[in-house]
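1. here's my sequence, what's the structure:
(one chain, ligands or ions: 1)
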Amino acid sequence: MSLLHSGLSAQEQEEKLLNIRNNRDLSTFDIVSIDDLTVEDINLIIEIADEMKKSGTKKLGLLKGATIVNAFYENSTRTKTSFEMAGKHLGADTINMSGSSSSAKKGESYQDTTMTLAAYGAQVIVMRSEYSGLPAQLKKHVPSAIINAGDGWHEHPSQALLDVKTIIDHHGTVEGKIITMVGDIMHSRVFGSVARIIKKLGGTLRVVCPLTFVPENVEKVFDIEIFTDIEKALTGADVVYSLRVQEERGSGGFIPSLREYSKTFGITKERLAFANENAILMHPGPVIRDIDMHSALVTLNNKSRVLDQVENGMAIRGTLQWLLASRFDGKVKPFTQI
Ligand code: CP
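-> The predicted structure follows:
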């Protein structure tokens, strides 16, 4: 955990963030996919998040008067709490809605639920759902900015942004770096966003997993290399990125057993040694200890970045909320109410 928090007062910290932002806006009104962001957008987010991280838990007023709704129709620990804490640190009024409290359980459409939340004047609606494509569909019908906090097997863009920040914190850049992803890419929305952002930023993505987890044509679509031999895949890697086997999405049907999977693809200290000497180990969480990776690696000094990813998550998510809730260019999001 970083102790590098600035000694600035809240007002000085806000001024610094405003100076860094320098009246710049994102090119998009919503973030449902990494495809919504240009390289300039990504650089702006990382630049602001670097400074936002230094403000730690200091209460700022950059989002005073703004309303942020966290609509989590599917379970979450890291994403939900970090969006909520970041919004609160920036002074927003944050409202949390879970799947069990949503009127969707009574048969209301997600569109009507989302239009209802937008009618309160929410500047941002953060949405997690089991349905791939739901945020992309709903963003067209509300004036609020939609942030996709994970949709089905599709994408999880704020995760990819915090991952890229974690890589840059250590290696200084993504360009030219080799990232080896180990695990169930078939059912992983993290893979969907990380593959897109690594390609955009000029890194190389390798994937190692059972071939049953490899979607058709994925190598061509995302420009990645597929391996089945973990030692070969890890050789020369700058980042070892482990993914969970997504049992709740039916992964069990693609492997003989978790024990078999782990014997061949679980990260161990011996396997990690095939990566470059200064390689880091990452995982989006939740980690399934002794399946995805050996338990002792989760917090291994100088290697594991799992908790740095969590910390960066708050800075990135605060940055996204600030950038989307306030614009300097005066542009208003177009939408169609039906
Ligand atoms: N990485 C991630 O999305 O974790 P949560 O499901 O806990 O939010």
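
2. all contacts plus neighbour counts: C-alpha atoms, from now on.
-> Fine.

3. what's the helix or strand harbouring residue 194 in contact with?
-> Element membership of residue 194 [criterion: DSSP states H and E] is helix 189-200. Contact with helix 189-200 is made by 33-35, 39, 150-157, 159-161, 163-164, 174, 185, 204-205, 222-224, 284, as judged by Cα atoms under 8 Å, 6 or more residues apart in numbering.

4. the ligand contacts on this protein?
-> For the chain, the contact set with the ligand under Cα under 6 Å from any ligand atom comprises 76-80, 284-286.

5. got the buried residues for the helix holding residue 194?
-> 189-200 (16 or more other Cα atoms under 10 Å).

6. right, and the helix or strand after it?
-> Counting by DSSP H and E, what follows helix 189-200 is strand 204-208.

7. okay, the residue of the stretch 201-338 of the chain found nearest the ligand: pLDDT?
-> Here the stretch 201-338 of the chain gets closest to the ligand at one residue, residue 284, 4.3 Å apart by Cα to the nearest ligand atom. Residue 284 is assigned a predicted lDDT (pLDDT) of 98.

8. so what touches the helix or strand encompassing residue 44?
-> Under the criterion of DSSP H and E, residue 44 resides in helix 39-54. Identification of contacts with helix 39-54 by Cα under 8 Å, 6+ apart yields 4-6, 17, 20-21, 26-27, 161, 165, 200-201, 311-312, 314-316, 318-320.

9. please repeat the previous calculation with a cut-off of 6 Å.
-> 5-6, 26, 315-316, 319 (Cα atoms under 6 Å, 6 or more residues apart in numbering).

10. could you point out the helix or strand that follows that helix?
-> strand 67-72.

11. against which helices or strands is whichever helix or strand comes after that next one packed?
-> Helices and strands here follow DSSP H and E; after strand 67-72, the next one along the chain is helix 78-89. If contacts are counted by 3 or more Cα pairs under 6 Å, 6 or more residues apart in numbering; DSSP states H and E, helix 78-89 sits against helix 306-325.

12. that older thread, what average pLDDT does the helix holding residue 194 get?
-> On average, helix 189-200 scores 98.

13. just the buried subset of the contacts of helix 39-54, please.
-> Here, 16+ other Cα under 10 Å leaves 26, 315-316, 319 buried among the contacts of helix 39-54.

14. how about low-confidence regions in the chain?
-> 1-4, 250 (pLDDT under 70).

15. so which residues of it form strands?
-> Under the criterion DSSP state E, the chain contains strands at 67-72, 93-98, 124-129, 145-151, 178-182, 204-208, 225-227, 239-242, 280-282.

16. dump those strands to TSV, plus distance to residue 46 and mean neighbour count.
-> What follows is those, written out as TSV (distance: least, Cα to Cα, whole Å; neighbours: other Cα atoms under 10 Å):
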stretch	distance to residue 46	mean neighbour count
strand 67-72	21	25
strand 93-98	23	16
strand 124-129	19	26
strand 145-151	17	27
strand 178-182	19	27
strand 204-208	20	23
strand 225-227	27	18
strand 239-242	19	25
strand 280-282	18	24
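
17. and residue 119, how many neighbours?
-> 12 (other Cα atoms under 10 Å).

18. likewise for residue 153?
-> Neighbours around residue 153, by other Cα under 10 Å: 21.

19. ok, residue 187 touching residue 153?
-> Yes. In this structure, residue 187 is within contact of residue 153 by Cα atoms under 6 Å, at 5.1 Å.

20. which residues touch residue 274?
-> Residue 274 touches 234-235, counting by Cα under 6 Å, 6+ apart.

21. actually residue 237, not the one I wrote
-> 178-179, 275-276.

22. could you redo the last one with a cut-off of 7 Å?
-> 178-180, 275-276, 279 (Cα atoms under 7 Å, 6 or more residues apart in numbering).

23. I'd like the distance between residue 140 and the ligand.
-> 24 Å (Cα to the nearest ligand atom, to the nearest Å).

24. what's the closest non-adjacent residue to that residue?
-> Leaving aside its sequence neighbours, residue 140 sits nearest to residue 335 (Cα to Cα, 6 or more residues apart in numbering; 5.2 Å).

25. likewise residue 305?
-> Using Cα to Cα, 6+ apart, the closest residue to residue 305 is residue 282 (5.3 Å).

26. of the residues of the chain next to the ligand - the most surrounded one?
-> Going by other Cα under 10 Å, residue 79 tops the residues of the chain next to the ligand with 23 neighbours.

27. the stretch 151-300 of the chain: helices as residue ranges?
-> Ranges of helices within the stretch 151-300 of the chain are 157-171, 189-200, 218-222, 230-234, 258-265, 269-272, based on DSSP state H, counting those that start in this stretch.
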